[in-house]
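Enquirer: my questions are about this predicted structure, shown below with the sequence.
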Amino acid sequence: MKVEQLYTGCLAEAAYYIESAGEAIIIDPLRDNQVYIDKAEKDGAKIKYIFETHFHADFVSGHVDLARKTGAQIVYGPTATAEYDFIEAEDNQEFQIGKAKLKVLHTPGHTMESSTYLLFDEEGKEHAIFTGDTLFLGDVGRPDLAIKSDLTRKDLAAMMFDSLRNRIMVLPDHLTVYPGHGAGSACGKNMSSETVGTLGEQKQTNYALRADMTKEEFIEELLDGILPPPQYFPKNAMMNKRDIVGVDEIAEYANTGLNADEFELKAKSLNALILDTRKPNNFVKGFVPGSVFIGIDGSFATWVGTLITDIDQNILVVADEGREEEVVTRLARVGYDHVKGFLKGGFDAWKNSGKTIDTIPSIPSSQFVTEFINNSKEMTVLDVRKIGEYQSEHVEDAINAPLDYINNESNDAVDKDTTYHVHCAGGYRSVIYASIMKNRGFDKLINVEGGYREIGPSEIPTTDYVCPSQLN
């Protein structure tokens, strides 16, 4: 028997490949699913089932397309409904995979259909659990993602308490825990950076599995500090219920190279968003006017889903040469399927065509520190980190304008006539913020390179009280 975790860092997502005696299954596949087909072919195995732990909200699954390509059957837990053919498994139903076996444990709480899969090895011994978004290492799934449900967060949290105690905590300590996500996912709030553990370890260290915890205490702790989910979550969850196109079909029109003239014409005719995915220090030095920056080397998919509110928006891509297909794939993973081409030859092609370029003023952190110390009363600083980061420590009198909330009313107090020095933690989010605001007509934003990681250790005055100055 073979068990392999396929972890995708940019989504903090884990899919699983299990093979026994010529039969294979996939658990929670990504949309770009060729890797699973290749693994099965290498092992001389046939993919028999595609198991989904729940209807995912943070990415678009590859289950429907993979089923079309392989003939495998899709399996969900009890209460699931979708527009395509699938097996709605019963609680405790068992599925044979070669000489191994997978048992369905219905564990509602994250969503109503959420299920954990218990794997028995080829000797019939309990081997591992695949917990999806029910149990993470160090955390459990958020209970506020049920789609089109009249259930409250407290209702789902109460279900989660029962699922953990009645279905998971009663299992043997030696079981390997294979979760659906690791640190960095918005599906939980305090996940470990580890991606594989044991159930015994979780019983000892996971706050949500404390044996002496009452249901009321569990609900209170689980709901405490949960931020609103990114706006794309319900959209992805609904896509996962529909029979949608696969990435191969998307790539046919998305991976089209356009020269500078074609690119400019298409941007205007389609009212397309120009998405620049290069490195932030390259972007600020020159970009196609009107571009929005979200770098491929950061938490790309999550920021796209958080900040681009129209999932059906036509998109044109500016990328480093050779990375265009990667950008298209990673956009499709979170449901942004309407890429209409990319700038062939990258930004150099635009620059060499003689067309107008735009820039964002950017200064090193050392220059910012010197100017602030000498002239702080004349400087207005925007800290675009998350509220918790800001509360921990920030530049004295800095205004907290979290990038996460750039589309909210809380950002309306930023004034077009005021010059702002903008920083984040390391220089990635500040460029995203500045690019979006420049696209909206704000021309007096100065990016601070290096962010607070370089500013904080300097002699600049800082404050660490938990009472941030918020825009309102």
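Expert: That came through, no problem. These numbers come from a predicted model, not from an experiment.
Enquirer: contacts, neighbours, all on C-alpha from now
Expert: Noted.
Enquirer: what does the helix or strand of the chain with the lowest mean pLDDT rub up against?
Expert: When the helices and strands of the chain are compared on mean pLDDT, DSSP states H and E, strand 462-463 comes out lowest with a mean of 86. With contacts defined as Cα atoms under 8 Å, 6 or more residues apart in numbering, strand 462-463 is touched by 393-396, 456.
Enquirer: now, those that are in helices?
Expert: Residues of the contacts of strand 462-463 located in helices (DSSP state H): none.
Enquirer: who's in contact with Ala100?
Expert: Contacts of Ala100 (Cα under 8 Å, 6+ apart): 1, 20, 119-124.
Enquirer: phi, psi for it please.
Expert: phi -100, psi 180 (degrees, to the nearest 10).
Enquirer: how about the spatially most central residue of the chain, secondary structure?
Expert: Relative to the mean C-alpha position of the chain, the nearest C-alpha, by Cα atoms, centre = their mean, is the one of Thr302, at 3.7 Å. The three-state label given to Thr302 by DSSP: H, G, I helix; E, B strand; the rest coil is helix.
Enquirer: these two touch, right, it and Leu11?
Expert: Yes - contact criterion Cα atoms under 8 Å: Thr302 and Leu11 qualify, at 7.1 Å.
Enquirer: any idea how far Val384 is from Lys416?
Expert: 17 Å (Cα to Cα, to the nearest Å).
Enquirer: so which of the two has more stuff around it?
Expert: Shown here are Lys416 and Val384; by other Cα atoms under 10 Å, Val384 has more neighbours (28 against 15).
Enquirer: and this structure, what are its domains?
Expert: Per the record, the chain has its domains at 2-237, 245-352, 362-463, by automatic domain parsing.
Enquirer: let me see the ranges of the helices in the stretch 151-300 of the chain.
Expert: For the stretch 151-300 of the chain, the helices defined by DSSP state H, counting those that start in this stretch cover 153-163, 199-205, 215-223, 233-239, 247-254, 260-269, 280-283, 300-307.
Enquirer: out of those helices, which is closest to Val339?
Expert: Of all those, helix 247-254 sits nearest to Val339, with 4.9 Å by Cα to Cα.
Enquirer: give me the buried positions along the closest one.
Expert: Neighbour counts over helix 247-254 (16 or more other Cα atoms under 10 Å) mark 247, 250-251, 254 as buried.
Enquirer: again with stretch 181-197
Expert: 181-192, 195, 197.
Enquirer: Val317 against Ala267, yeah?
Expert: No - the criterion here is Cα under 8 Å, and Val317 misses it with Ala267 at 10.2 Å.
Enquirer: higher neighbour count, these two?
Expert: Of the pair Val317 and Ala267, Val317 is the one with more neighbours under other Cα under 10 Å, namely 28 against 18.
Enquirer: any weak-confidence spans in the stretch 151-300 of the chain?
Expert: For the stretch 151-300 of the chain, no stretch is flagged by pLDDT under 70.
Enquirer: now the strands for the stretch 351-472 of the chain?
Expert: 362-363, 380-383, 394-395, 399-400, 420-423, 445-448, 462-463 (DSSP state E, counting those that start in this stretch).
Enquirer: sheet partners, orientation included, of the fifth one?
Expert: Applying DSSP bridges to the sheet, strand 420-423 is found paired with strand 380-383 (parallel), strand 445-448 (parallel).
Enquirer: tell me which of these sits most buried.
Expert: Sort the strands paired with strand 420-423 by mean neighbour count, taking mean count of other Cα atoms under 10 Å, and strand 445-448 sits at the top with a mean of 25.
Enquirer: quick one: contacts of it?
Expert: Counting by Cα under 8 Å, 6+ apart, 360-365, 368, 419-423, 427, 430-431, 434, 438 sit against strand 445-448.
Enquirer: from those residues, list the buried ones, please.
Expert: Buried among the contacts of strand 445-448 (16+ other Cα under 10 Å): 360, 362, 365, 368, 419-423, 427, 430-431, 434, 438.
Enquirer: out of these, which comes closest to Val327?
Expert: Each of the buried ones among the contacts of strand 445-448 was checked against Val327 using Cα to Cα; the closest is Val431, at 18.4 Å.
Enquirer: was I right about the closest one contacting Val292?
Expert: No - at 9.2 Å, Val431 does not count as touching Val292 under the criterion of Cα under 8 Å.
Enquirer: before we move on, back to that, partners of the least confident helix or strand of the chain in the sheet?
Expert: With DSSP bridges as the test, strand 462-463 pairs up with strand 394-395 (antiparallel).
Enquirer: just how off-centre is the strand it pairs with within its chain?
Expert: Distance of strand 394-395 from the chain centroid (Cα atoms, centre = their mean, to the nearest Å) equals 27 Å.
Enquirer: pull the number of nearby residues for Ala332.
Expert: Neighbours of Ala332 under the rule other Cα under 10 Å: 24.
Enquirer: tell me the contacts of it?
Expert: Residues near Ala332 by Cα under 8 Å, 6+ apart: 31, 60, 247, 250.
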